[in-house]
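>>> how would this look folded up:
(chains A and B)
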Number of protein chains: 2
Amino acid sequence: MNSGLREHIEKIIPLTDVEFEHVLSHFILKKFKKHQFLIQEGEPVTFDFFVVSGLVKSSHTDEAGKQHIMQFAMEDWWISDYQAYFSQTAATLMVDCIEDTEVFCLSLENRERLCADLHKIEHFFRKKSNSGYIALQQRILSLLNSSAKERYVKLLGQYPSLFQRVPKTLLASYLGVSRETLSRLSS
Amino acid sequence: MNSGLREHIEKIIPLTDVEFEHVLSHFILKKFKKHQFLIQEGEPVTFDFFVVSGLVKSSHTDEAGKQHIMQFAMEDWWISDYQAYFSQTAATLMVDCIEDTEVFCLSLENRERLCADLHKIEHFFRKKSNSGYIALQQRILSLLNSSAKERYVKLLGQYPSLFQRVPKTLLASYLGVSRETLSRLSS
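Model (predicted):
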């Protein structure tokens, strides 16, 4: 049972069976129901999560009680509150399930141990971090200089399946527009 | 002559003299005058830059001609258009000098070679990438849910020296406010 994790890692580095078993032994498989929390704001962040199946989102609730969506994650994506995870501080984001979800959980201690043990795993995580950085840079640019329409068209082009699976209200929040604006854009 | 680079790397990993000489041999030192470009939009991105002295900014110009500032970088900071650098595509950002600036330049080929040669350099760049990711996550959250006043106070607290060195017009652009709003905030 590897549930996509091996194929996912092997897109970047080849692994022998023994190496993959070693890697896998550092993960814990967990199941969550729709609406359950993987991370709660204010709590310690124990894990980085690799989504085996399902759909989750990370978000931040501001002082006025408004929810801002940082990221969605579905099969083969990673998600956590990385600031809290890497610095071992309390979460400023929450991560919760939009669908029933199965995740592989990796503690920071196990991640660092794997990276120290296997140079190629350190390489894998460096590459993933670079990709994540680029995705956030794109998100900042789109927040700074794209219209809602442009952000909508881009997201639809990149991740058409998100539009089937994510409720419109959450998509609107991610795009930074009202539910009504989103309806206009998608009609 | 190491100009801060060795101390910077050794904050994360120790290096022997021989290792540091090996690392350094992969960098090129370049000097730029105020207003010169390190990266121009539409051009290939050859280098990641470590700032030895001076001050630069990265920015994006939208279709209406408005400039949006992504990042500043001063001594001991890294800057590039990482999307273009890592994927070897044309720049969507420009990087130019606010002051006369000296940088260590690292090509992608040399970066990958160093990471393959020395596991601890791969570790160093993974850690730097994680830190960069966290900084961008913070920037997104502040764009989504902080007021201009909050963004101003936070930036001032984190990088007081920026306020001495960066023209007010550029600070306003970074914060996403008008020059007049910034004057009100800083008075």
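>>> Could you give the backbone dihedrals for residue A:75?
Torsion angles at residue A:75 (phi, psi; degrees, to the nearest 10) stand at phi -50, psi 130.
>>> With residue A:30 instead?
Per degrees, to the nearest 10, the backbone of residue A:30 is at phi -130, psi 150.
>>> That one: how many residues sit nearby?
15 (other C-beta atoms under 10 Å in any protein chain shown). Glycine gets a C-beta too; all of them are placed from N, C-alpha and C.
>>> From residue A:102, how far out is it?
Distance, residue A:30 to residue A:102, using C-beta to C-beta, to the nearest Å: 7 Å.
>>> repeat for residue A:25
18 Å.
>>> which one of those two has more residues nearby?
residue A:102 (15 against 10).
>>> Quick check, the more buried one in contact with residue A:50.
No: Residue A:102 is beyond contact range of residue A:50, at 9.9 Å (criterion: C-beta atoms under 8 Å).
>>> from what I can see residue A:43 touches residue A:93, true?
No: counting by C-beta under 8 Å, residue A:43 stays clear of residue A:93, with 10.7 Å between them.
>>> More neighbours: which of the two?
Of the pair residue A:43 and residue A:93, residue A:93 is the one with more neighbours under other C-beta under 10 Å, namely 25 against 13.
>>> Quick check: closest non-adjacent residue to that one.
Nearest residue to residue A:93, sequence neighbours excluded (C-beta to C-beta, 6 or more residues apart in numbering or on different chains): residue A:81, at 4.1 Å.
>>> Residue A:70 too?
Nearest residue to residue A:70, sequence neighbours excluded (C-beta to C-beta, 6+ apart): residue A:58, at 4.5 Å.
>>> Can you give me the distance of that neighbour to residue A:142?
17 Å.
>>> Now do the biggest helix by length in chain A and helix B:119-145, the angle between them.
When chain A is scanned for its longest helix (criterion: DSSP state H), the result is helix A:119-145. Here helix A:119-145 points in a direction 20 degrees away from that of helix B:119-145 (axes from the mean of the first three to the mean of the last three C-alpha atoms, to 10 degrees).
>>> Next, the buried residues of helix A:119-145.
A:119-134, A:136-137, A:139-145 (16 or more other C-beta atoms under 10 Å in any protein chain shown).
>>> Give me the packing partners of that helix, helices and strands only.
Where contact means 3 or more C-beta pairs under 8 Å, 6 or more residues apart in numbering or on different chains; DSSP states H and E, helix A:119-145 is packed against helix A:108-117, helix A:148-158, strand B:55-61, strand B:67-74, helix B:82-87, helix B:108-117, helix B:119-145.
>>> Turn the ones you listed into a markdown table, columns for distance to residue B:178 and mean pLDDT.
As requested, the helices and strands packed on helix A:119-145 are exported to a markdown table (distance: least, C-beta to C-beta, whole Å; pLDDT from 0 to 100):
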| stretch | distance to residue B:178 | mean pLDDT |
| --- | --- | --- |
| helix A:108-117 | 42 | 98 |
| helix A:148-158 | 21 | 85 |
| strand B:55-61 | 17 | 94 |
| strand B:67-74 | 13 | 91 |
| helix B:82-87 | 28 | 95 |
| helix B:108-117 | 38 | 98 |
| helix B:119-145 | 16 | 92 |
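>>> Make a markdown table from these and add distance to residue A:38 to it.
Formatted as a markdown table, the helices and strands packed on helix A:119-145 follow (distance: least, C-beta to C-beta, whole Å):
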| stretch | distance to residue A:38 |
| --- | --- |
| helix A:108-117 | 15 |
| helix A:148-158 | 22 |
| strand B:55-61 | 33 |
| strand B:67-74 | 30 |
| helix B:82-87 | 28 |
| helix B:108-117 | 31 |
| helix B:119-145 | 17 |
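>>> closest to residue B:15 out of the ones you listed?
helix B:119-145 (7.8 Å; C-beta to C-beta).
>>> Off-centre distance for the closest one?
12 Å (C-alpha atoms, centre = their mean, to the nearest Å).
>>> near chain B, which residues of chain A show up?
Along chain A, the residues adjacent to chain B under the rule C-beta under 8 Å from any C-beta of the partner chain are A:60, A:62, A:66, A:68, A:70, A:82-83, A:86-87, A:92, A:115-116, A:119, A:122-123, A:125-126, A:129-134, A:136-141, A:143-145, A:176.
>>> Surely the residue nearest to residue A:70 is in contact with residue A:39?
Yes: because the distance of 7.5 Å satisfies C-beta under 8 Å, residue A:58 is recorded as touching residue A:39.
>>> Tell me the bridge partners for the nearest residue to residue A:53 once chain neighbours are set aside.
Spatial nearest neighbour of residue A:53, chain neighbours left out: residue A:102 (4.8 Å); criterion: C-beta to C-beta, 6+ apart. Legend: beta-bridge partners of residue A:102 under DSSP bridges are residue A:31, residue A:53.
>>> Next up, the contacts around residue A:102.
Residues near residue A:102 by C-beta atoms under 8 Å, 6 or more residues apart in numbering or on different chains: A:3, A:29-32, A:51-54.
>>> Need these in TSV (columns: pLDDT).
What follows is the contacts of residue A:102, written out as TSV (pLDDT from 0 to 100):
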residue	pLDDT
A:3	70
A:29	97
A:30	98
A:31	98
A:32	98
A:51	97
A:52	97
A:53	96
A:54	97
